[in-house]
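1. Sequence unavailable; structure follows:
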């Protein structure tokens with residue numbers, strides 16, 4: 001089956017879902033996971049499959065689509081968008097695994113959902129005949145409830161005399177336990193629970209070495225030769241999530257209507273500080289969008305060197321920093337409406353700051369890595 005869905009077709013489907021996502025946003029928070037209706041809508045419109053290979057019916061859109069679609073959806077419901085970008089990115093990453101792994105999963109259903117946790121120290125694996133034995137407990141496995149598989153990162157020891165190797169392991173949900181501990185202040189509807197596995201056997205073909213994801217041909221390139229499956233995964237890791245923060249900011253900006261109320265004798269819209277703050281938020285959001293899209297496009301068209309990959313991480317972190325600054329500015333403009341526990345404005349504030357807490361968006365960490373490489377020192381990020 002070859003994918004035929006176009007960007008225009010899929011974009012129209014995504015836009016049509018926005019009213020439903022807005023309507024369900026409160027219930028998504030209460031459930032602490034995606035509502036079943038939202039999952040069905042995403043599946044029915046094939047929106048999870050925009051980065052899936054065409055050979056199995058996916059759209060195989062450009063990498064930057066994860067930002068633009070993620071931002072579009074986040075303006076309506078950030079938790080739904082967060083799960084969407086995760087599931088979408090995992091289809092792309094599965095396209096980098098050995099063909100046997102792809103066929104094993106997609107032959108049963110091309111709509112199969114895959115969760116993840118890319119916290120490498122959380123998992124320990126040892127090499128055995130035909131595969132690995134993996135144990136660990138991983139946090140923040142977003143969208144784990146409806147997922148049949150999970151991409152779990154770990155440190156694999158091939159030999160007692162060699163350093164551990166960073167590797168990604170595909171586990172079926174029968175091989176791990178889900179721990180219901182997702183009671184969070186933001187992104188409450190993402191279901192980002194812990195998962196735990198003990199002595200799980202993972203066949204060799206269901207693993208992927210990080211060394212094979214740093215840009216260029218991957219094990220999956222034999223059947224998926226497109227550039228999407230040769231991007232440097234962890235250099236671009238921030239952009240698989242950063243569109244969510246951008247969409248939250250743009251949503252607050254687009255929805256802001258100061259009305260005709262008077263304050264200190266002037267209409268709110270006529271107060272100079274209102275005009276300046278709206279402009280400030282717009283500038284932050286616009287800068288965030290431009291940097292994200294430019295880097296996504298550049299990375300798909302060129303094979304970046306070490307310094308460029310470090311810059312992608314740096315600018316991905318700052319793109320979210322700018323988006324969250326835009327949210328903070330807009331939160332002030334919305335005034336007392338942001339004080340309530342429910343509603344789109346306080347939810348946007350909580351969700352944006354929850355996004356910023358992701359380790360990919362820590363500007364100190366990203367800045368240290370870039371600074372080291374730029375100054376001729378060894379990178380401190382082995383995934384790059």
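-> Sure, I can see it. Computed from a predicted model, the values in this text were never measured in an experiment. Numbering: from 1, shown residues only.

2. how far away is residue 368 from residue 336?
-> 40 Å (CB to CB, to the nearest Å). Yep, even glycine has a C-beta here, placed from its N, CA and C like the rest.

3. and those two? which has more neighbours close in?
-> residue 368 (16 against 7; other CB atoms under 10 Å).

4. Excluding residues flanking it in the chain, which one is nearest the more buried one?
-> Using CB to CB, 6 or more residues apart in numbering and skipping residues adjacent in sequence, the residue nearest residue 368 is residue 380, 6.6 Å away.

5. count of neighbours near the one you found?
-> Residues within reach of residue 380, counting by other CB under 10 Å, total 13.

6. and it, backbone torsions?
-> phi -100, psi 10 (degrees, to the nearest 10).

7. what's near enough to touch it?
-> 368, 369, 372 (CB atoms under 8 Å, 6 or more residues apart in numbering).

8. now the helices for the stretch 151-300 of the chain?
-> Under the criterion DSSP state H, counting those that start in this stretch, the stretch 151-300 of the chain contains helices at 242-255, 272-301.

9. Out of the contacts of residue 380, the closest to residue 201 would be?
-> Proximity of those to residue 201 (CB to CB) peaks at residue 369, which lies at 34.5 Å.

10. related to what we said a few turns ago, output the helices of the stretch 151-300 of the chain in CSV, with distance to residue 194 appended to each entry.
-> Formatted as CSV, the helices of the stretch 151-300 of the chain follow (distance: least, CB to CB, whole Å):
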stretch, distance to residue 194
helix 242-255, 21
helix 272-301, 29
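
11. Could you pull out the strands in the stretch 201-350 of the chain for me?
-> 207-209, 262-263, 266-267 (DSSP state E, counting those that start in this stretch).

12. and these, which one's lowest on average pLDDT?
-> Per-stretch mean pLDDT for the strands of the stretch 201-350 of the chain is lowest at strand 262-263 (a mean of 52).

13. Model confidence score at the residue nearest to residue 368, please.
-> So residue 380 comes in at 96 (pLDDT).

14. ok, now residue 163?
-> 85.

15. Phi first, then psi, for it.
-> phi -70, psi 150.

16. tally of neighbours for residue 185?
-> So residue 185, with other CB under 10 Å, has 10 neighbours.

17. what's the closest non-adjacent residue to it?
-> Using CB to CB, 6+ apart, the closest residue to residue 185 is residue 350 (5.7 Å).

18. In this structure that neighbour contacts residue 186, no?
-> Yes - the criterion here is CB atoms under 8 Å, and residue 350 meets it with residue 186 at 3.8 Å.

19. in this protein, which helix or strand is least confident?
-> Across the helices and strands of the chain, mean pLDDT, DSSP states H and E gives its lowest value to strand 262-263, namely a mean of 52.

20. Report the central residue of the chain.
-> residue 241 (2.9 Å; CA atoms, centre = their mean).
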